[in-house]
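Trainee: Sequence and predicted model, in that order:
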Amino acid sequence: MRVRPLAAAVLLAACMAAFGFGVWRGLGALQTHFPKVRPDQSHALISLPGTIYVAQDGVLYALRGQSFTAITGVSGRWTQPTVVPGGGGLVAVSQTINDSNLVRMAANGSGRRLLTHNANPVQANNHWAYYPRLSPDGRTLFYAYDLHDPAASYNVTFAIMSQPLGGGAPTQWTTPNPYTGGDVQPVPLPDGGLVYSKWSIDSAGHTYAQLWLQSGPGQAGTPLTTPASDCQEPALSPNGRLLAMICVNARSQQDTLAVAGFNDHVLGPRRVFATGPMPASPTWSRSGSGLLFLAPVGRLGPFQLWWLPHPLARRPGPPVQVTTGLDLTATSAVAWG
Amino acid sequence: MSTANGQPRRRRAGLRPNGGGSPTGRRRARLLIVAGFVVSGLCGAFFYFLPVLTTALHDTGQPRPAADPGGRSVPAPAAGQPFTVLLLGSDNDRKFVAAHILTQTMILVRVVPATHQVWMLSIPRDLWVPISTGGSAKIDAAYEIGGPASAIATVEQDFHVHVDYYAWVGLNGLVNLINRLGGIDLIAQMPVLDDFYPADLAGGDPYGYRRVVVLPGPQYDQGLLTLEYVRSRHGDLLGDIARSKRQQQLLVDLRAAAHALSIADLPSLVSALNGQFHTDLGLGQLSSLLPLARGITSASVHELVMLPPDFTYGTTDGQDVLFPNWPAIQQLVASAFPTA
């Protein structure tokens, strides 16, 4: 069959145009993308026991087996879930543009009850509440709360507060250094004491964090780590004998996940794990046999969930990637119920 | 085959599927077809990179305006030679007309390509200095008064340093750029709390304030949160100095993010910076910086920050300012930047 010259020319021109369009599209396809999916549209790569709660884009998700379920909606901008001991559900942070509150809820996200009342029509009277943690007996709620300095309105710093979970007046535990961001990330101890992260600025202008130990509200605390090690985000093992933490090298903009022995008064030497770039927010498993933490895959990108089994074994294995394609909130430690 | 008038139909080379015609004609036809595809592909690439070309024409290689009192008396450094760039950043919070805005960020950057070393010196915006066009003011007003030329001339005259190039970025563009990257990995060095953060971008009120909080530690942030981290200054003991340090940190983090990019990302990156970026660096010089940036490690970036006694706090004209201690500052500058 013969093809008429005009038709052939049109066909060739169409092919050429399609080729040019293909080049345009092909170059577009070469763009760098960090694919990001919602957890409930994804599956974990491995199965871990119990229920693990994570936050992404203001929504809390429960991971059971390898499946995620959203337990809150987007409204509320939820983050930092923590488990109430004894099956008492969760406490999490709900944020708005000018304040955040602690909210208690059942493990499936239902039956929410406001534990703090930080919203105020006068902007200057709003407050933040973050990092909820329950005492081991589940009766006392610890959290970071921003103090307003009546004499210096710019001096807004976090202090650690506590209040009965069932309701009652809050008690201020710590006195933050002014203009430093303050004290955050409380870890209540079985003996009634508290470990937390305290920020300071030295005379050379260097900002650093230290793990700090305090025996009671208003007591003078003692540092557990040095300024040079810049350690934060403490996580106490279930038996209370190990502290996991994140230590930052500000010079290189990298950090490490470290574990040290703890005898209620001092820390032992830190054992550092080569866990790749930017590990964050460690959490011990319920049995204390391993650590969950958040970190990007490779050099950069959104944070995924990682599992470090048996960190104190003579030869601990490498961390195992638990999720892929997510963008988990790195400042929200996972809760393991 | 013949036409109606009996004349033989003229064969057109290349238009028959069996490739009829003379060998020369067939070769020419094939060449035409190949050329057609090449041109078509180039057109596809041209339109893909059109935003880059447009930006290159409008926003790069800009000559320094005549406001520079001395003009460019020193030739631009040759390729591969060390050079100094003045990075300028403005949060045009809609209080000012576009061409006359303050520069909240002024960072002198010295790049030594041969050794992949970089020095960064943040200049506090509240530094009270002689302005190149006359009189004294906070240094962030130099750009407002005379644009990049005035800002460069002021820095050169006061800091005794030669500036080869400048680059200006609007902070809206920075937000868009980070969002285009998908986000940026950074380690927030401290909890950042600010009850007097401008409500211009998120609140839509250039004269209002809102509360912001950036929690500490490693995180993957979008543009607005990153901007809050590098723009907030009230809740920090070091105020503007600490903000300068965080801005230097962001530059290092952006350089790390650039490792993951390819040339195919350029159009969307420049689109993200639409109208929020201009420089007197040419496109060729800018593109030569990309491989250079990949060779720079965190360890080879040296961050310099002015601290007391480089300046003293004070008040003049009803403004809180920093009075410079020029001998100390010039000694600091000379440690990393060649004098003018």
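Mentor: Thanks, I have it. Residues are numbered from 1 along each chain as shown, chains lettered A, B, ... in the order given.

Trainee: Please make it C-alpha for all contacts and neighbour counts, starting now.
Mentor: OK.

Trainee: Residue numbers of the stretch 151-300 of chain A in contact with chain B?
Mentor: With Cα under 8 Å from any Cα of the partner chain as the criterion, the stretch 151-300 of chain A comes near chain B at residues A:153-157, A:178-182, A:199, A:201, A:204-205, A:207-209, A:232-233, A:250-254, A:278-280, A:300.

Trainee: Okay, and which of those residues map to helices?
Mentor: Where these are compared with helices, as defined by DSSP state H, there is no overlap at all.

Trainee: The residues you listed, buried ones only, as a PyMOL selection?
Mentor: Command for PyMOL, covering only those of those found buried under the criterion 16 or more other Cα atoms under 10 Å in any protein chain shown:
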select buried, chain A and resi 154+155+156+157+178+179+180+181+182+199+201+205+207+208+209+232+233+250+253+254+278+279+280+300
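
Trainee: Help me confirm that A:Arg251 comes into contact with B:Val301.
Mentor: No. At 9.0 Å, A:Arg251 and B:Val301 do not qualify as touching, with contact defined as Cα atoms under 8 Å.

Trainee: So what's the residue count around A:Tyr145?
Mentor: Each residue near A:Tyr145 was counted by other Cα atoms under 10 Å in any protein chain shown, and the total is 26.

Trainee: Give me the pLDDT for the closest residue in space to it that isn't next to it in sequence.
Mentor: What sits nearest to A:Tyr145 in space, not counting adjacent residues and going by Cα to Cα, 6 or more residues apart in numbering or on different chains, is A:Ala129, at 4.7 Å. You'll see A:Ala129 listed with a pLDDT of 98.

Trainee: which other residues reach the lengthiest strand in chain B?
Mentor: The strand spanning the most residues in chain B, taking DSSP state E as the definition, is strand B:205-214. Among residues not part of strand B:205-214, those counted as contacts by Cα atoms under 8 Å, 6 or more residues apart in numbering or on different chains are A:97-98, A:123, B:93-95, B:188, B:191-200, B:203, B:225, B:228-229.

Trainee: Among those residues, which are located in strands?
Mentor: Among the contacts of strand B:205-214, the members found in strands (DSSP E) are B:Ala188, B:Val192, B:Leu193, B:Asp194, B:Asp195, B:Phe196, B:Tyr197, B:Pro198, B:Ala199.

Trainee: any idea how far the last one lies from A:Asn249?
Mentor: Think B:Ala199. The span separating B:Ala199 from A:Asn249 equals 33 Å under the rule Cα to Cα, to the nearest Å.

Trainee: With the fifth one instead?
Mentor: Per Cα to Cα, B:Asp195 is found 29 Å from A:Asn249.

Trainee: of the two, who's got more company?
Mentor: Ranked by neighbour count (other Cα under 10 Å), B:Asp195 and A:Asn249 place B:Asp195 first, with 24 against 15.

Trainee: Would you mind confirming that that one is in contact with A:Ala124?
Mentor: Yes. Taking contacts as Cα under 8 Å, B:Asp195 lies within contact range of A:Ala124: 7.1 Å.

Trainee: tell me the phi and psi of B:Gly146?
Mentor: phi -140, psi 20 (degrees, to the nearest 10).

Trainee: Also the one 4 residues further on?
Mentor: For B:Ser150, the backbone dihedrals are phi -70, psi -40 (criterion: degrees, to the nearest 10).

Trainee: what residues are up against the closest residue to A:Met105 other than its chain neighbours?
Mentor: Closest residue to A:Met105 in three dimensions, ignoring its sequence neighbours and counting by Cα to Cα, 6+ apart: A:Arg112, at 4.4 Å. Taking Cα under 8 Å, 6+ apart as the definition of contact, the neighbours of A:Arg112 are A:Val103, A:Arg104, A:Met105, A:Ala106.

Trainee: swap in B:Val111?
Mentor: Contacts here follow Cα under 8 Å, 6+ apart; on that basis B:Val111 touches B:Pro82, B:Phe83, B:Thr84, B:Gln117, B:Val118, B:Trp119.

Trainee: which intervals of chain A have sub-threshold pLDDT?
Mentor: Within chain A, the ranges that satisfy pLDDT under 70 run A:1-3, A:274-276.

Trainee: let's see 80
Mentor: In the predicted model of chain A, residues A:1-4, A:32-35, A:74, A:76, A:250-253, A:274-277, A:299 satisfy pLDDT under 80.

Trainee: ranges for the helices of it?
Mentor: In chain order, chain A shows helices spanning A:5-29, with DSSP H as the criterion.

Trainee: Grab the longest strand from it for me.
Mentor: strand A:43-56.

Trainee: Could you report the separation of A:Asp57 from chain B?
Mentor: Note on A:Asp57: its distance to chain B, by Cα to the nearest Cα, to the nearest Å, is 11 Å.

Trainee: With A:Leu305 instead?
Mentor: With distances defined as Cα to the nearest Cα, the gap from A:Leu305 to chain B amounts to 13 Å.

Trainee: So that residue is in contact with A:Leu294, correct?
Mentor: Yes. Between A:Leu305 and A:Leu294 a contact is recorded at 4.8 Å, counting by Cα under 8 Å.

Trainee: ok, now which ones touch A:Ile71?
Mentor: Neighbouring residues of A:Ile71 by Cα under 8 Å, 6+ apart: A:Val59, A:Leu60, A:Tyr61, A:Ala62, A:Asn108, A:Gly109, A:Ser110.

Trainee: swap the cut-off to 10 Å and go again
Mentor: With contact taken as Cα atoms under 10 Å, 6 or more residues apart in numbering or on different chains, A:Ile71 is in contact with A:Tyr53, A:Val59, A:Leu60, A:Tyr61, A:Ala62, A:Met105, A:Ala106, A:Ala107, A:Asn108, A:Gly109, A:Ser110.

Trainee: What residues of the strand or helix carrying B:Asp158 count as buried?
Mentor: With elements delineated by DSSP states H and E, B:Asp158 resides in helix B:141-159, which encompasses its position. Counting neighbours by 16+ other Cα under 10 Å, one finds that the buried residues in helix B:141-159 are B:141-156, B:158-159.

Trainee: Parallel or antiparallel, list what pairs with the next helix or strand after that helix.
Mentor: Counting by DSSP H and E, the next helix or strand C-terminal to helix B:141-159 is strand B:165-170. Within its sheet, strand B:165-170 is paired with strand B:83-90 (parallel), strand B:277-279 (antiparallel), according to DSSP bridges.

Trainee: Can you flag the weakest of those by average pLDDT?
Mentor: strand B:277-279 (a mean of 86).

Trainee: gap between that one and the chain center?
Mentor: Average the C-alpha atoms of strand B:277-279, do the same for its chain, and the two points are 6 Å apart (Cα atoms, centre = their mean, to the nearest Å).

Trainee: do the same with stretch A:99-117
Mentor: For stretch A:99-117, the separation from the chain centroid amounts to 18 Å (computed by Cα atoms, centre = their mean).

Trainee: and it, how far apart are its ends?
Mentor: Comparing the first residue of stretch A:99-117 with its last one, the separation is 9 Å (Cα to Cα).

Trainee: quick one: buried residues of that stretch?
Mentor: A:Asp99, A:Ser100, A:Asn101, A:Leu102, A:Val103, A:Arg104, A:Met105, A:Ala106, A:Ala107, A:Gly109, A:Leu115, A:Thr116.

Trainee: where's B:Arg28, which helix or strand?
Mentor: Take DSSP H and E as the rule and B:Arg28 turns out to sit in helix B:23-48.

Trainee: For stretch A:135-153, buried residues please.
Mentor: When neighbours are counted by 16+ other Cα under 10 Å, the buried residues of stretch A:135-153 are found to be A:Ser135, A:Pro136, A:Gly138, A:Thr140, A:Leu141, A:Phe142, A:Tyr143, A:Ala144, A:Tyr145, A:Asp146, A:Leu147, A:His148.
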